[in-house]
Structures are given as structure tokens and as C-alpha cells.
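J.: below are the sequence and a predicted model for it; my questions follow.
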Amino acid sequence: MKINRVALDLAKNLIQVHAVDAAGRVAVRKPLRRAQLLSFFRDLVPCEVGMEACASAHHWGRQLQAMGHCVQLLPPQYVKPFLLGQKNDANDAAAICTAMSHPEIPRVAVKTIARQQMQALHRIRAMRMKHRTALINQTRGLLAEYGIVIAVSPAALRKAIPELLEDADNGLGFDFRQLLTDLYDDLVAIDQRVAELTQRIERTVRSSDEGKRLLEIPGIGPLTASALVATVGDARQFKNGRQMAAFLGLVPRQHSSGGKTRLLGIHKRGDSYLRGLLVHGARAVLRTATDKPDDRSRWLMNLAARRHRNIAIVAQANKNVRIAWAILTREQRYRPN
């Protein structure tokens, strides 16, 4: 029996295989250990291989593509509706296999090693920033127990701690001063690590041609440009800019019934980290658009006046994604008008 389509439910140790022939009949339905997976595919004629876009999917995707197989990575939220029966590895793999037969389901491009490394830099930087925020909040809370209230600003805390340590009359005990010194040292160390990661990201994006072209778009800086390239991969996988914006969750949800269509807020599918960067960049564009004579600024200010600032910000983020799609697919430079 010739295998036409193979679905894999990935895990750390056991990987469930569900394979069917051209008629859709089940040919293989069994678990394999990680060490057995590549040997299994070496014995197969090149075919379609599908997986959910989850941990280790891009690694296996690169390995299988090198063998000549056509790899499809599917967003997990689109696979779930095809699950039949109880949730287990065998049924999950069968659901992936069924979802593969639906071409309307968007695919996730297999990341290159370079793009996966860039994504890792962003993830570690985001983790460091999260730790820094937690450290700042905890330090402010501890100081409040001594009646010392610091302004809600990381810069204010960095300035205040050395002054508090120098002040001998503020009621802070010896042990707490030692603790505060340790917390300040931790904060400085995290600041240095975040700055180093930011510099590495900026150097990488400014050294690439597509990164330089994306940086010309108002509202897209080095962080957003590098995260966009790392997350989206090959922009030509999308038919148009709107499809790429939908992939990133920047299009409105739709509720239609009885011939009446109602548009709601954005559906927020896709990468929330990248979407946040795009929205923050669009917010900066709106903030600086006041009294500017160009068409883009006038459109944005009119939209903010007619609707709501947040609607205008999301619309600008959506527009930036569409412009980015055009720049990446057509290899053009940004044209303001």
C-alpha cells in the first residue's frame, strides 16, 4: 500500500504516526520513539507530512524536507475541530491527518535555523524583561512596607535605591539594606542582559536586506522587523497582505446571521508577542501624526477622531503588516505615498 499522507502527533519521547493512502484508508497507525522516526521516513517514497506547529515541529520539518517530503505545519487551533472521540495521541494524529486534506487551513512555514535563532533571542529577551518587571514590583512592595513609596517607573526606582542606601536616617535596618543592595545588583545585571540581547537583535536586522527595507516603514523598528521576519518566514506563503494580517490576528472577528454581518474586535489569533510589537509601533505613529501634512497622518488622525484611538492604532498596525507583505514579496523599498 502506497502511503500518500502522514500525520505526526509530536511529543518528547513517543511520536504518534497516522498514515493513509490515496483513497484515505489507514495504512499505519502506531507510535514511534524519537530515534525511530527518521528511519521510518527513509523507507517511504516522498509524501505529504503534517504536524501541528508546536515545540520541535520546525526541527522535524527541516529534517523531513531534507529527505524530499512535503512538510505542512498546521496551527493547533485549526486542528482541534477535527478531533473525534477522546483526546489521545492516536486521535490527535488522526485529526491532523484529516485537517491536512483541507487546503483552506493556513499553513505555517518551516523556519530556517537563522530565523529560529532570531526567535530564540526575542523569547529570552521577553523573559528577561518579565523577570525585571517582577523584580521592580517586588522591590517597590518591600519598600512600601517601610513607608517608602517610589514612583511607578523603572527609572525612578533605579535612581532611588542608591539614594536610600546612602540615607542613614530612613529607618532601614542592616539586613534589609543588604537585601536591597542584592536586589539592585540583580536589576543592574538584568538591564545589562536585556541591552546585550537588544543590541544583538538590532545588529542582525540592520545587516540583512529585508530588515533594512522593513525599517523604513513608520512604526516598525528593529525589534518588530526582526520578529516579523522570524515569525512569518517566507511572506510569499500568503496570497495578499490581508491574509498575513489575519495570520497575525489583526483583522476583526465576524458574526453573520440571517444576512446581517457584524464586525467585532480583532480575533487575536497568531503570535501575541509580534502583534503587541506591531500595536506599540502603531501607537507611536499615532502619537506623532498630529499636524503632519502627509496623507497617511491625515487618514490616521481622521480615523481616530471618527472612531476610537484604539481602533485607529489597530488599523495602522494592520496597514503596516500589509505594507510589510508587499515589501517582502516584491522586494521593493517603502514608498510613503
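T.: Yep, that arrived.
J.: sec struct for the closest residue to residue 290 other than its chain neighbours, please.
T.: In this structure, residue 290 finds its nearest non-sequential neighbour in residue 301, 6.8 Å apart by CB to CB, 6 or more residues apart in numbering. C-beta here means a position set from N, CA and C on the backbone, and glycine is covered the same way. Following DSSP: H, G, I helix; E, B strand; the rest coil, the label given to residue 301 is helix.
J.: look up how far residue 312 lies from residue 301.
T.: 8 Å (CB to CB, to the nearest Å).
J.: now for the two: what residues contact both?
T.: Applying CB atoms under 8 Å, 6 or more residues apart in numbering, one finds that residue 301 and residue 312 are jointly contacted by residue 286.
J.: so the two - more neighbours on which side?
T.: Set residue 301 next to residue 312 and count neighbours by other CB atoms under 10 Å: residue 312 wins out with 23 against 16.
J.: what about the helices in the stretch 51-200 of the chain?
T.: Using DSSP state H, counting those that start in this stretch, the helices of the stretch 51-200 of the chain run over 57-66, 76-79, 89-100, 113-144, 154-166, 174-206.
J.: spatially nearest residue to residue 332, not counting backbone neighbours?
T.: Excluding the flanking residues, the one nearest residue 332 by CB to CB, 6+ apart is residue 326, at 6.7 Å.
J.: three-state assignment of that neighbour?
T.: helix.
J.: count the neighbours of it for me.
T.: 17.
J.: can you pull the pLDDT of the closest residue to residue 37 other than its chain neighbours?
T.: Of all residues not flanking residue 37 in the chain, residue 15 sits nearest, at 5.6 Å (CB to CB, 6+ apart). In the predicted model, residue 15 carries a pLDDT score of 96.
J.: does residue 15 belong to a helix or a strand, and which?
T.: strand 14-20 (DSSP states H and E).
J.: list the buried residues of that strand.
T.: Neighbour-count burial for strand 14-20, counted by 16 or more other CB atoms under 10 Å, picks out 15, 16, 17, 18, 19, 20.
J.: output those residues as JSON lines; include the columns distance to residue 187.
T.: Putting the buried residues of strand 14-20 into JSON lines (distance: CB to CB, whole Å) gives the following:
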{"residue": "15", "distance to residue 187": "43"}
{"residue": "16", "distance to residue 187": "46"}
{"residue": "17", "distance to residue 187": "49"}
{"residue": "18", "distance to residue 187": "50"}
{"residue": "19", "distance to residue 187": "53"}
{"residue": "20", "distance to residue 187": "56"}
